[in-house]
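K.L.:
With the sequence up front, the predicted model follows.
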Amino acid sequence: MCNLTSRQEKFVDHYALCGNAAEAARLAGYSEKTARVIGPENLSKPAVKEALQARQQAYQAELGLTKDAVISSILEAIQMGREQKNPAVMIQGCVQLAKMLGFYEPEQVSVSVGVEGAYLKAKYAAMSDEELVAIIGNPR
């Protein structure tokens, strides 16, 4: 893992196993106070992202796991929960599937602004919060 500090390397090791940025930061030696900030910050750094992806691929290869195999196992667990009339197992399986399939990721929306829109955007950007609240409170 090039271009990473020793703590970032430890962060990658722990995050690849637990999937929790704050916990991985604490385990990597960052302070309890800053772990909730440093963890997500580390995940936004290209070198950390690259190292994490490499580590996860190594774990997948070591274990012989594929995404399809994991999804199949989760679906099997959901079916077992259904047969045992255990809704908690079914819900947990669905939550895991939703995470794997990206259902919890924020939706990306792209908006293009024309000349008139650029003028309005600049006009509103220059307004104070009070002026903007007044417009919202009194729509024309």
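P.N.:
Okay, I see it.
K.L.:
following the strand or helix carrying Arg55, which helix or strand comes up?
P.N.:
Assigned by DSSP states H and E, Arg55 belongs to helix 46-63. Scanning forward in sequence from helix 46-63 by DSSP H and E, the next helix or strand is helix 67-83.
K.L.:
thinking again about what came up before, orientation of the helix holding Arg55 relative to helix 67-83 in degrees?
P.N.:
70 degrees (axes from the mean of the first three to the mean of the last three CA atoms, to 10 degrees).
K.L.:
how about the CA coordinates for helix 46-63, as CSV?
P.N.:
What follows is helix 46-63, C-alpha atoms only, in CSV (Å, rounded to 0.1, in the frame of the first residue of the first chain):
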residue,chain,number,x,y,z
PRO,A,46,-8.1,8.1,-3.5
ALA,A,47,-5.1,6.2,-2.1
VAL,A,48,-7.1,4.8,0.7
LYS,A,49,-9.9,3.8,-1.7
GLU,A,50,-7.5,2.1,-4.0
ALA,A,51,-5.8,0.2,-1.1
LEU,A,52,-9.2,-0.8,0.3
GLN,A,53,-10.4,-2.1,-3.0
ALA,A,54,-7.1,-4.2,-3.4
ARG,A,55,-7.5,-5.5,0.2
GLN,A,56,-11.1,-6.5,-0.4
GLN,A,57,-10.2,-8.3,-3.7
ALA,A,58,-7.5,-10.1,-1.8
TYR,A,59,-9.9,-11.3,0.9
GLN,A,60,-12.4,-12.4,-1.8
ALA,A,61,-9.7,-14.4,-3.6
GLU,A,62,-8.5,-16.0,-0.3
LEU,A,63,-12.0,-17.0,0.6
